[in-house]
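Engineer: what's the 3D shape of this:
(one chain, ligands or ions: 1)
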Amino acid sequence: MSAAREPFDAVDVIAVKRDGGTLDTARIRWLVDAFTRGVVADEQMAAWAMAVLLNGMDRREIRDLTLAMIDSGERMSFAGLGRPTVDKHSTGGVGDKITLPLAPLVAVFGVAVPQLSGRGLGHTGGTLDKLESIPGWRPDLSPEALRAQLADVGAAICAAGADLAPADKRLYALRDTTGTVEAIPLIASSIMSKKIAEGTASLVLDVKFGSGAFLPARAQAEELARTMVELGRDAGVATVALLTDMSVPLGLTAGNAIEVEESVEVLAGGGPADVRALTVALAAEMLALAGVADADPAAALDDGRAMDVWRRMIRAQGGDPDAPLPVAAESQQVLAETDGVLATQDAKAVGVAAWRLGAGRARQGDPVQHAAGVRLHAKPGDAVRAGQPLATLLTDDADRIPRALEALEGAMSIAPAGTEVPREPLIAARIA
Ligand code: URA
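Structural biologist: Alright, predicted model coming up:
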């Protein structure tokens with residue numbers, strides 16, 4: 001194809017954003033399409049992404065970009081399923097295993113939850129990596145199998161197909177290597193293009209702030225949440241966001257198999273209070289958007305209904321919910337040096353330690369260790385005694401322990417007994 005037949009010139013389009021201008025719909029649609037066809041080169045798209053990072057985009061431009069990325073691939077539809085559909089997306093955090101108990105919990109109430117998920121990269125874990133620690137469990141479902149599972153079980157957690165917003169996949173990989181991930185218009189359109197293409201009727205977003213979140217500043221996380229809620233609404237997807245604190249890990253585990261184990265505790269009516277509280281809060285939002293009145297998600301955790309759906313969901317994808325989970329070959333405890341109150345427990349440090357122990361990957365496609373991770377033994381505010389374990393490091397490879405210990409240096413501090421430890425509320429705001 002000759003460049004002369006292209007309606008626009010990539011350098012002109014980049015220059016509009018570079019100079020702080022606004023791009024019209026035709027130019028945005030062309031840019032994404034031409035990038036997908038290889039007419040706009042990677043370096044041109046990266047230059048444009050940097051111009052967006054520096055100069056921003058307005059609401060209409062972000063919507064146009066999102067729709068163009070959706071149109072680069074397939075759009076799924078769950079129409080005719082006979083149940084309302086609702087989905088959740090978290091911007092990612094340390095110990096964030098909420099999808100695991102949440103999807104079966106919401107399905108208890110007759111709502112279909114097509115939870116298309118990803119793998120971890122860097123210090124936040126990936127839902128598929130966690131579930132793959134269950135013997136036999138498979139992440140891949142064809143669109144037909146996904147539909148059948150939603151009709152039968154009501155919930156599925158599976159890998160997103162390559163056909164879902166492929167332009168976003170390419171652009172995200174490029175942003176990852178050019179320092180342009182942190183642009184709010186690009187993050188919002190990246191996440192929402194995949195969620196809208198997935199065909200869900202409604203969506204609840206868990207947007208995290210704090211050291212373990214990928215946008216640590218609360219103001220930025222809030223702006224991202226608002227942008228995504230507007231995008232959802234503009235695309236006809238009922239969308240609500242909760243802004244949640246990720247300065248401390250969620251629950252007492254960060255890893256793969258150990259997070260599955262904690263999720264099963266929550267499904268059995270127990271588990272750490274913060275994991276249960278966020279699961280119940282997100283379920284309530286999802287059920288309200290799906291039009292289910294008077295649902296009591298906490299009761300469905302306590303009486304075993306959510307656990308029943310979990311077991312069916314795991315079995316439907318080849319997994320054995322009763323099989324023992326992998327256990328790490330090596331472990332090392334981190335002990336409290338004094339008596340007192342645990343004052344801090346930095347989420348990012350715990351996430352990096354779990355990653356270095358083998359729970360996460362540095363590059364796409366690297367394998368992960370299913371048994372690796374960090375098990376915590378106290379939450380901030382808990383009384384601790386000198387010599388008591390604060391954390392247990394788990395790995396199959398003892399050589400990884402020193403670097404994980406380095407990551408945890410200064411991450412947990414102990415204040416004198418009786419000190420009041422201030423804590424942010426877990427759910428800081430609701431944006432609708
Ligand atoms: N997650 C995504 O899917 N896209 C981004 O741009 C950032 C996080």
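Engineer: list the contacts for the spatially closest residue to residue 289 that is not a sequence neighbour?
Structural biologist: Residue nearest to residue 289 in three dimensions, not counting chain neighbours: residue 202, with 3.8 Å by C-beta to C-beta, 6 or more residues apart in numbering. Using the backbone N, CA and C atoms, a C-beta is placed for each residue, glycine as well. Contacts for residue 202 (C-beta atoms under 8 Å, 6 or more residues apart in numbering) come out as 84, 85, 86, 87, 237, 238, 239, 286, 289, 290.
Engineer: ok, residue 198 next?
Structural biologist: Neighbouring residues of residue 198 by C-beta under 8 Å, 6+ apart: 76, 87, 114, 116, 160, 164.
Engineer: which helix or strand contains the fourth one?
Structural biologist: In this case it means residue 116. strand 113-117 (DSSP states H and E).
Engineer: repeat for the last one
Structural biologist: Secondary structure assignment for residue 164, by DSSP H and E: no helix or strand.
Engineer: identify the residue nearest residue 392 in space, chain neighbours excluded?
Structural biologist: residue 375 (4.4 Å).
Engineer: per-residue pLDDT of that neighbour, please?
Structural biologist: The per-residue pLDDT reported for residue 375 equals 98.
Engineer: narrow the contacts of residue 202 to those in strands?
Structural biologist: If you go by DSSP state E, these have 86, 87, 238, 239 in strands.
Engineer: any idea how far the closest residue to the ligand within the stretch 201-350 of the chain lies from residue 398?
Structural biologist: Nearest to the ligand in the stretch 201-350 of the chain, going by C-beta to the nearest ligand atom, is residue 214, at a distance of 6.5 Å. Using C-beta to C-beta, to the nearest Å, residue 214 is found at 30 Å from residue 398.
Engineer: compare neighbour counts for those two and give me the winner.
Structural biologist: Neighbours were counted for residue 214 and for residue 398 using other C-beta atoms under 10 Å; residue 214 has more, 20 against 12.
Engineer: so the nearest residue to that one once chain neighbours are set aside versus residue 124, what's the distance?
Structural biologist: Nearest residue to residue 214, sequence neighbours excluded (C-beta to C-beta, 6+ apart): residue 92, at 6.0 Å. Plainly put, residue 92 is 4 Å away from residue 124 if you go by C-beta to C-beta.
Engineer: who touches both of those two?
Structural biologist: With C-beta under 8 Å, 6+ apart as the test, residue 92 and residue 124 both reach residue 214.
Engineer: secondary structure element holding the residue in the stretch 151-300 of the chain that the ligand sits nearest to?
Structural biologist: Closest to the ligand within the stretch 151-300 of the chain is residue 190: 3.4 Å, counting by C-beta to the nearest ligand atom. According to DSSP H and E, residue 190 maps onto helix 184-197.
Engineer: what angle separates that helix from strand 113-117?
Structural biologist: 130 degrees (axes from the mean of the first three to the mean of the last three C-alpha atoms, to 10 degrees).
Engineer: just to revisit the earlier point, for the closest residue to the residue of the stretch 151-300 of the chain closest to the ligand other than its chain neighbours, phi and psi?
Structural biologist: Spatially, and ignoring its direct neighbours in sequence, residue 190 is nearest to residue 168 (5.0 Å; C-beta to C-beta, 6+ apart). The phi and psi values for residue 168, taken as degrees, to the nearest 10, are phi -70, psi -40.
Engineer: would you mind listing what in the chain touches the ligand?
Structural biologist: For the chain, the residues in contact with the ligand (C-beta under 6 Å from any ligand atom) are 172, 181, 186, 187, 190, 191.
Engineer: out of the residues you listed, who's nearest residue 108?
Structural biologist: Checking the residues of the chain next to the ligand against residue 108 by C-beta to C-beta gives residue 191 as the nearest, at 26.5 Å.
Engineer: hmm, back to that, would JSON lines of the contacts of residue 198 with neighbour count and pLDDT be doable?
Structural biologist: JSON lines is the format used below for the contacts of residue 198 (neighbours: other C-beta atoms under 10 Å; pLDDT from 0 to 100):
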{"residue": "76", "neighbour count": "20", "pLDDT": "91"}
{"residue": "87", "neighbour count": "26", "pLDDT": "96"}
{"residue": "114", "neighbour count": "24", "pLDDT": "95"}
{"residue": "116", "neighbour count": "24", "pLDDT": "92"}
{"residue": "160", "neighbour count": "19", "pLDDT": "87"}
{"residue": "164", "neighbour count": "24", "pLDDT": "91"}
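Engineer: closest one to residue 430 out of these, please.
Structural biologist: Closest to residue 430, out of all of those and judged by C-beta to C-beta, is residue 87, at 17.5 Å.
Engineer: how near is that closest one to residue 189?
Structural biologist: For residue 87, the distance to residue 189 equals 17 Å [C-beta to C-beta].
Engineer: cool, residue 427 as well?
Structural biologist: As for residue 427, its distance to residue 189 is 25 Å (criterion: C-beta to C-beta).
Engineer: ok, those two, which is more surrounded?
Structural biologist: residue 189 (31 against 15).
Engineer: surely the more buried one and residue 70 touch.
Structural biologist: No. If you go by C-beta atoms under 8 Å, residue 189 and residue 70 don't touch, sitting 9.5 Å apart.
Engineer: what pLDDT does the model give the nearest residue to residue 44 once chain neighbours are set aside?
Structural biologist: Excluding the flanking residues, the one nearest residue 44 by C-beta to C-beta, 6+ apart is residue 10, at 4.5 Å. For residue 10, the pLDDT comes out at 97.
Engineer: burial check on residue 10, number of neighbours?
Structural biologist: 21.
Engineer: nearest residue to residue 194 in space, please, no chain neighbours.
Structural biologist: Using C-beta to C-beta, 6+ apart and skipping the chain neighbours, the partner closest in space to residue 194 is residue 165 (5.0 Å).
Engineer: which ones are touching that neighbour?
Structural biologist: Contacts of residue 165 by C-beta under 8 Å, 6+ apart are 69, 70, 72, 73, 193, 194, 197.
Engineer: which residues in the stretch 51-200 of the chain form strands?
Structural biologist: Assigned by DSSP state E, counting those that start in this stretch, the stretch 51-200 of the chain shows strands spanning 86-90, 113-117, 155-159.
Engineer: need the ones you listed in CSV (columns: distance to residue 282).
Structural biologist: Converted to CSV, the strands of the stretch 51-200 of the chain look like this (distance: least, C-beta to C-beta, whole Å):
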stretch, distance to residue 282
strand 86-90, 6
strand 113-117, 11
strand 155-159, 14
